[in-house]
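K.L.:
my questions concern the predicted model and sequence given below.
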Protein chains: 2
Amino acid sequence: MEVDLDSFSARDWEGPTDADPMRFAMVGLGWWTREQAIPAVEEADYCATTVLVSSSTEKADELAADLAGVEETLTYEEYADGAATDAYDAVYVCTPNGLHRDHVEAAAAHDKAVLCEKPLEATVEDARASVDACREADVPLMVAYRVQTEPTVRRARELIRDGAIGDVVSVLGHMSDTILDSTDETSWRFDPDLSGGTTINDIGIYPLNTIRFVLEEDPQAVYARTESEQPAYEGTDEHAAFQLEFPDGKLASCTVTHSAAVKSSLRFVGTEGELSIEGLFFPNTRKVLRVSGPDIEGEYRPEPVDQMREEFDYFANRLQRGLDLEPDGEHGMVDMHAVRALYDSAERGRRVELDS
Amino acid sequence: MEVDLDSFSARDWEGPTDADPMRFAMVGLGWWTREQAIPAVEEADYCATTVLVSSSTEKADELAADLAGVEETLTYEEYADGAATDAYDAVYVCTPNGLHRDHVEAAAAHDKAVLCEKPLEATVEDARASVDACREADVPLMVAYRVQTEPTVRRARELIRDGAIGDVVSVLGHMSDTILDSTDETSWRFDPDLSGGTTINDIGIYPLNTIRFVLEEDPQAVYARTESEQPAYEGTDEHAAFQLEFPDGKLASCTVTHSAAVKSSLRFVGTEGELSIEGLFFPNTRKVLRVSGPDIEGEYRPEPVDQMREEFDYFANRLQRGLDLEPDGEHGMVDMHAVRALYDSAERGRRVELDS
């Protein structure tokens, strides 16, 4: 067994298409859209940004002036009312979590495919409504788990699926950043109605979803402990540790914090070996994949790829070829339920089972 | 800030002594004593094996025949009755956990210093009695946490103490081995009266104790989940995941299993950086220390040291110089209470606070 370094970053999901580029309406023009999504689409093979949607026409116009190919700038109201629907084929929703539903429902009403940032919504109920709206309108919905199109984790999943480390027994995950330190205290991230939760919800979802993706299984029960040390973070979960119980006795232990150095790691220990990835959850950075097992032993440092570009191209290429999107709405719902159970667990100080 | 590789494995605890080597009675001649402890003492600077104590005189005599310097072989009864007390200065107790107390109490009665394997005993009550017996007899007692004299973890503790990664926020630990697969089902490890528990008790104690050692703090509350998948392990904790809550919101997440590849890792994430150690919990193997922080960035692969030799020499050198032993009985009691709380938590499915 061997990972082919030459094809380490190969797009295993890609196929030929002669369709025109998929035209996106960017809904929400915060820093992530401006600094990550739009530049990624500029570099993408199958996508283009043609519409900008924002609360502020000025902000949208300013951005449009710097960007080739933008045909329309819309307010949220104009977007909701169906303006310029001829100018885009799909929407990318990147607003505060608690506002996703309105924008997704509008896209469904306009018969547009949806790439919606994670988590799907601030509450399970609003997430359910968003997913149902897309299903009823027969509109494709993908949740923007960009790590799922990161080649390093796709290779890790293949290695584990191929038995490189035997049967997985233990999993360890960590993600931390300093986002709260650089965020205004009035940010939507501190407003539970808009965010749905702070650290577990915002970044706990990375190890949670990536472990699900690699194991191709969902958690059956969870436990969490949250801590809030600094006065500015009172009432939010600044730090957290949580456990996920997967089928056949596999246990995952994770830590997440919005108040530590920018670090991420993921480790799978199996009956025959071990696989770890450093730096996985941050876009555009160098990842280090280490694997040791009976038939493979090595360290891989592939050239960084733009996770957002891969995600947009995956979305477009799959739809252009008439194929399903893997992290779909129902996939996203599992995280919604798991995150709710994690907060419930932290509140009650006990293990919480998830309905299967 | 820089780790001096030339002195990476320096014995920061060592000092000059002109005392004769400390003569040990080895109490319990299982594989760990035969294959790890006795060879370590043969290589040690301040120790010698002079007495062998076993249930079987034949086993002891056979071992003595291959070993220079052994003056006496004793049965447990002879040892308890005070035979050959002139032939040894200290005892190393390495029997099934639930038999430690008798041997420690005998050592205390004979006025001999005690190096007792971890955990101290199978129950909190028997551990307490062992510690009290040594205190009342004014006999030094050290619990054999060999990782505490591993240079890699001592350097890690110094780096963290010096602020190399800022304030620690999250900790991740893992240990796994295949010991149950290679162990007879009638082994004492499957008998709770003799072991006090299987995986958390036997190897969970490595991340638990090492995190305490590095942070120089004790856990305030715990949570654990245990799993037992294979029929042979029914009723024992084959796999486990547990969380430890340390002061100031620091959270540690750990996984341990007796049914996976032989792996261990420990990771501290701080406000300014990260420090990890691979392979820490196994003796005589190559460790990899990685640290990244504002003033240090590097990977260290020091020459492996014999953890058991370091432990025996630490014990002897400190006592010869009239100094206290760091992992003493009260230090070991904290783990006894924590492990009991972890099993209690697993049983009840909820967070358990530890008395401070």
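P.N.:
Now that the structure is in, tell me what you want to look at.

K.L.:
quick one: name whatever helix or strand follows the helix or strand bottoming out on mean pLDDT in chain A.
P.N.:
Lowest by mean pLDDT, DSSP states H and E among the helices and strands of chain A is helix A:192-195, with a mean of 84. Downstream of helix A:192-195, the next assigned helix or strand under DSSP states H and E is helix A:199.

K.L.:
list the contacts of that following helix.
P.N.:
The contact list for helix A:199 (CB atoms under 8 Å, 6 or more residues apart in numbering or on different chains) reads A:226, A:236-240, A:256-258. To be clear about C-beta, it is placed using only N, CA and C from the backbone, and glycine gets the same treatment.

K.L.:
try 10 Å
P.N.:
A:175-177, A:179-180, A:189, A:205, A:226-228, A:233, A:236-240, A:255-259 (CB atoms under 10 Å, 6 or more residues apart in numbering or on different chains).

K.L.:
pLDDT averaged over that helix - what is it?
P.N.:
Averaged across helix A:199, the pLDDT comes to 93.

K.L.:
could you say what helices and strands the next helix or strand after it packs with?
P.N.:
Under the assignment DSSP H and E, the closest C-terminal helix or strand after helix A:199 is helix A:205-215. The contact analysis (3 or more CB pairs under 10 Å, 6 or more residues apart in numbering or on different chains; DSSP states H and E) places helix A:205-215 against helix A:151-161, strand A:168-176, strand A:239-245, strand A:251-257, strand A:263-270, strand A:274-278, helix A:329-348.

K.L.:
tell me the angle of helix A:205-215 relative to strand A:274-278?
P.N.:
With axes from the mean of the first three to the mean of the last three CA atoms, to 10 degrees applied, the angle from helix A:205-215 to strand A:274-278 works out at 140 degrees.

K.L.:
using CSV, list the CA coordinates for whichever helix or strand comes after helix A:205-215.
P.N.:
Using DSSP H and E, the helix or strand that follows helix A:205-215 in sequence is strand A:221-227. The C-alpha trace of strand A:221-227 is given here as CSV (Å, rounded to 0.1, in the frame of the first residue of the first chain):
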residue,chain,number,x,y,z
ALA,A,221,-23.8,9.5,22.0
VAL,A,222,-21.8,12.5,23.2
TYR,A,223,-20.5,14.3,26.2
ALA,A,224,-19.1,17.8,26.5
ARG,A,225,-17.7,20.2,29.1
THR,A,226,-17.4,23.9,28.4
GLU,A,227,-15.4,26.6,30.2
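
K.L.:
and chain B, is strand A:221-227 touching that?
P.N.:
Yes: under the criterion of CB under 10 Å from any CB of the partner chain, chain B is reached by strand A:221-227 at A:221-227.

K.L.:
tell me the centre residue of chain A?
P.N.:
Centrality entry for chain A: nearest residue to the mean C-alpha point is A:Y145, 2.4 Å, by CA atoms, centre = their mean.

K.L.:
now do the contacts for the residue nearest to that residue when sequence neighbours are not counted.
P.N.:
Nearest residue to A:Y145, sequence neighbours excluded (CB to CB, 6 or more residues apart in numbering or on different chains): A:P327, at 4.6 Å. Contacts for A:P327 (CB under 10 Å, 6+ apart) come out as A:115, A:118, A:141-149, A:209, A:212-213, A:311, A:314-315, A:335.
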